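Asker: structure of the sequence below:
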Amino acid sequence: MNPILEASDLKVLRGSRKILHNLTFAITSGTLTGLIGPNGSGKTTLLRTISGYWPYQGSIRLHDREIRRWSSRALARRLAVVRQAPTLSFDFSVAEIVLLGLLPHKTTFQGYSKGDYRRIAAILAELDLDGFEGRQMQTLSGGEQQRVYLAQALVQNADLLLLDEPTTHLDVHSQYAFLHAARELTRHAHTIVVVFHDLELAARFADHLLVLDKGHLVASGPPAAVLSESLILDVFQMEASLYNNDHGELGITYLSAASQS
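Answerer: So this is what the prediction gives:
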């Protein structure tokens, strides 16, 4: 498959401080890429740069076109971001939140059609939120709210989805339900980049991993090839033991925090 996104010698600076150092990677269409690294390694900076929010040096191309050359409106039609579910100041309905995903496709003062409402109903049903259109967001669980924001991204009809720590604050069941839903989307031509904190979740759901440390890309490849006891020690400062469970999936037992001396 062809890459949907390619970065070459990508650098991001804030003032005189370099945040990302000469990153080169490619993200293949129809895959789920996991972005992992310790706090402060540059994961969110990379997502914001891909999203067009932060200036950069080097090259980062979406559909073979530099991100900086896309207009914000055109980029929003191609790329959607799902962040941790925010705290809402007002109680919106599910339909009101999801319909916001259509804004890049609407002209000023253009309303929503019956077809738009049919579309959001179909997408909500895909995410096991059938009939939720009239529910108020504040009545939903954290996992349900996060799937509503995923529905908003899907209504946007973007072919690249960026998920920034989407399972933070979710219980174990909700984490797996959300990531299963995201993983299923790759079977329908969506390409997804997810920031993970949990390495076992990254290994289970990602096709490919990018490992950042202090703004450098230190490893890239399939989870089985990337995750090792030595990498976890070097990057995450944890002594760990790796094993395969009864289903052949990678498991990690953390033994102790590595000495900082």
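Asker: where are the low-confidence patches of this protein?
Answerer: Applying pLDDT under 70 to the chain flags the ranges 1, 84-89, 108-109, 260-261.
Asker: so where do the helices sit in this protein?
Answerer: 43-50, 72-78, 94-99, 114-126, 142-155, 172-185, 199-205, 223-226, 229-236 (DSSP state H).
Asker: and the shortest one, what does it pack onto?
Answerer: Contact here means 3 or more Cβ pairs under 8 Å, 6 or more residues apart in numbering; DSSP states H and E; on that basis helix 223-226 packs against helix 199-205, strand 208-213. To be clear about C-beta, it is placed using only N, CA and C from the backbone, and glycine gets the same treatment.
Asker: direction included, what does the shortest one pair against?
Answerer: Okay, so that is strand 208-213. strand 32-36 (parallel), strand 216-221 (antiparallel) (DSSP bridges).
Asker: let me know which of the ones you listed is tucked in deepest.
Answerer: Among these, strand 32-36 has the highest mean neighbour count (mean count of other Cβ atoms under 10 Å), at a mean of 24.
Asker: picking that back up, looking at the helices and strands packed on helix 223-226, which is closest to residue 112?
Answerer: helix 199-205 (33.1 Å; Cβ to Cβ).
Asker: export that closest one as PDB, just CAs?
Answerer: The C-alpha trace of helix 199-205 is given here as PDB (Å, rounded to 0.1, in the frame of the first residue of the first chain):
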ATOM      1  CA  LEU A 199       2.400  -0.500  25.800                       C
ATOM      2  CA  GLU A 200       0.400  -3.700  25.900                       C
ATOM      3  CA  LEU A 201      -2.600  -1.900  24.200                       C
ATOM      4  CA  ALA A 202      -0.200  -0.500  21.600                       C
ATOM      5  CA  ALA A 203       1.200  -4.000  20.900                       C
ATOM      6  CA  ARG A 204      -2.300  -5.500  20.700                       C
ATOM      7  CA  PHE A 205      -4.000  -2.900  18.400                       C
END
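Asker: pull the distance from it to the chain's centre.
Answerer: 13 Å (Cα atoms, centre = their mean, to the nearest Å).
Asker: flag every buried residue along it.
Answerer: 199, 200, 201, 202, 203, 204, 205 (16 or more other Cβ atoms under 10 Å).
Asker: ok, stretch 249-258 next?
Answerer: Applying 16+ other Cβ under 10 Å to stretch 249-258 flags 250, 252 as buried.
Asker: with stretch 227-235 instead?
Answerer: 227, 231, 232, 235.
Asker: can you check stretch 171-181 too?
Answerer: Quick answer for stretch 171-181 (16+ other Cβ under 10 Å): 174, 175, 176, 177, 178, 179, 181.
Asker: next one: stretch 138-157
Answerer: 140, 142-156.
Asker: thought residue 253 was touching residue 240?
Answerer: Yes: when contacts are counted by Cβ atoms under 8 Å, residue 253 is listed as touching residue 240 (6.4 Å).
Asker: what bridges to the residue most central in space within the chain?
Answerer: Nearest to the geometric centre of the chain sits residue 163, at 2.1 Å (Cα atoms, centre = their mean). Taking DSSP bridges as the rule, residue 163 bridges to residue 82, residue 194.
Asker: touching, it and residue 195? I think so.
Answerer: Yes: shown here, residue 163 and residue 195 form a contact pair, counting by Cβ under 8 Å, at 6.8 Å.
Asker: overlap in contacts, the two.
Answerer: Shared contacts of residue 163 and residue 195, defined by Cβ atoms under 8 Å, 6 or more residues apart in numbering, are absent.
Asker: identify the farthest-apart pair in the buried residues of stretch 138-157.
Answerer: 142 and 156 (21.7 Å).
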